[in-house]
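J.: Model the structure of this input:
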Amino acid sequence: MDIDAIHKALANPVRRQILAWLKTPEAYFATQEHPLEFGVCAGMIDDRTGLSQSTVSVHLAALLRAELVTSRRVGQWVFFKRNEPVIQAFLDHMNSDF
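T.: So this is what the prediction gives:
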């Protein structure tokens with residue numbers, strides 16, 4: 001776990017918002033055609049943010065580098081999910097007496 005990469009990723013409000021949406025994807029991405037068990041399609045995240053595809057890709061890449069999300073390619077689509085074990089380990093670290 002790269003604590004500095006996580007802090008850097010979380011410093012951006014768009015990235016924090018994406019993580020919040022991915023926590024309960026059924027509340028924000030219910031219209032997705034593919035099962036949410038795959039994760040959320042990058043295009044759906046693009047649409048929800050209202051930002052360009054390239055800007056959202058940069059944000060998702062930062063989240064991936066920090067290992068806060070995982071990705072899965074299915075055909076032409078890439079799906080993203082929160083990486084709950086890393087998020088919990090980070091929270092545990094922040095709550096410890098480091």
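J.: Once you drop chain neighbours, what's closest to Ala5?
T.: With sequence-adjacent residues excluded and distances taken as CB to CB, 6 or more residues apart in numbering, Ala5 is closest to Ala66, at 4.2 Å. In short, each C-beta sits where N, CA and C put it, glycine included.
J.: go on, Ser52?
T.: The nearest residue in space to Ser52 (CB to CB, 6+ apart) is Asp46, at 7.6 Å.
J.: Would you agree the one you found is in contact with Val56?
T.: Yes - applying CB atoms under 8 Å, one finds Asp46 in contact with Val56, separated by 4.7 Å.
J.: So which of these two has more stuff around it?
T.: Remark: of Asp46 and Val56, Val56 carries more neighbours, 20 against 17, as counted by other CB atoms under 10 Å.
J.: which ones are touching the more buried one?
T.: Residues in contact with Val56, defined by CB atoms under 8 Å, 6 or more residues apart in numbering, are Ala42, Ile45, Asp46, Thr49.
J.: Likewise for Leu19?
T.: Remark: with contacts taken as CB under 8 Å, 6+ apart, Leu19 is in contact with Leu10, Leu63, Leu68, Val69, Arg82, Ile87.
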